[in-house]
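Asks: Give me the fold of what follows.
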Amino acid sequence: MKKELPKVYEPQQVEGRVYEMWENAGCFNGDPDPAKKPFSIVMPPPNVTGQLHMGHAMDCTLQDILTRFKRMQGYAALWVPGVDHAGIATQIKVEEELRTKEGLTRYDLGREKFLQRVWQWKEKYGGRIVQQQKKMGVSCDWSRSRFTMDEGCSKAVRETFCELYDKGLIYKGSRIINWCPHCVTALSDAEVEY
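Replies: The predicted structure is shown next:
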């Protein structure tokens, strides 16, 4: 008996199964190969502040195109994924959730319990972001996924900061900043509510 193709493409019937097949076959693994020229991209990690947005989708698409193109050209291509802790932005999200759902502040919880909530948030939303990226079909080597609070990453940031400071490339200067009197800290332009 012949099976007819559906009249409308149904991605949920195909894409998850195909992506899983690619992952299981190691199609995205960036294994070193001395016979091939290396090519790598380190994904600018999205913040664990909830979910991906159109900017992430565009950025992932461009990086994915470059990585897949280099693979097709015969390079040993590696695309390293990860998520960023986005300290202040994540703190604001967790505080907002505490306030709206439980009527509490971070001070009500205390430092240790608040940090536990932040780590729970990271587990929930960091995982969600990765699943969204997989739904997009990105060809990252997920076995090499990084989190900016991992000890290796944190150490590299500290060492790089000291190195740049020693070279005179980091300095103090007077600048106008976005100051939040509620959080008692500086905010990025993206976090300002005008």
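Asks: From here on, just use CA atoms for contacts and neighbour counts.
Replies: Noted.
Asks: Any stretches of this structure with poor pLDDT?
Replies: Scanning the chain for pLDDT under 70 picks out the ranges 50, 86.
Asks: residues in contact with stretch 108-123?
Replies: 48, 85, 90, 91, 94, 106 (Cα atoms under 8 Å, 6 or more residues apart in numbering).
Asks: switch to 7 Å and redo it
Replies: Residues outside stretch 108-123 that contact it (Cα atoms under 7 Å, 6 or more residues apart in numbering): 48, 91, 94, 106.
Asks: and what of stretch 128-136?
Replies: Contacts of stretch 128-136 (Cα under 7 Å, 6+ apart): 51, 52.
Asks: Return the distance of it from the chain's centre.
Replies: 10 Å (Cα atoms, centre = their mean, to the nearest Å).
Asks: Could you check it and say which residues are buried?
Replies: 128, 129, 130, 133, 134 (16 or more other Cα atoms under 10 Å).
Asks: Which strands and helices lie in contact with the helix or strand that contains residue 77?
Replies: Element membership of residue 77, judged by DSSP states H and E, is strand 76-80. Judged by 3 or more Cα pairs under 7 Å, 6 or more residues apart in numbering; DSSP states H and E, the packing partners of strand 76-80 are strand 38-42, helix 54-72.
Asks: Helix or strand next in line after the longest helix anywhere in the chain, which one?
Replies: For the chain, the helix that runs over the most residues, judged by DSSP state H, is helix 111-136. Of the helices and strands lying after helix 111-136 in sequence (DSSP H and E), the nearest is strand 146-147.
Asks: what does that following strand rub up against?
Replies: The contact list for strand 146-147 (Cα under 7 Å, 6+ apart) reads 81, 82, 83, 84.
Asks: Following element in sequence after that strand, please.
Replies: Heading C-terminal from strand 146-147 (DSSP H and E), you reach helix 151-166.
Asks: buried sites along stretch 31-41?
Replies: For stretch 31-41, by 16+ other Cα under 10 Å, it's 38, 39.
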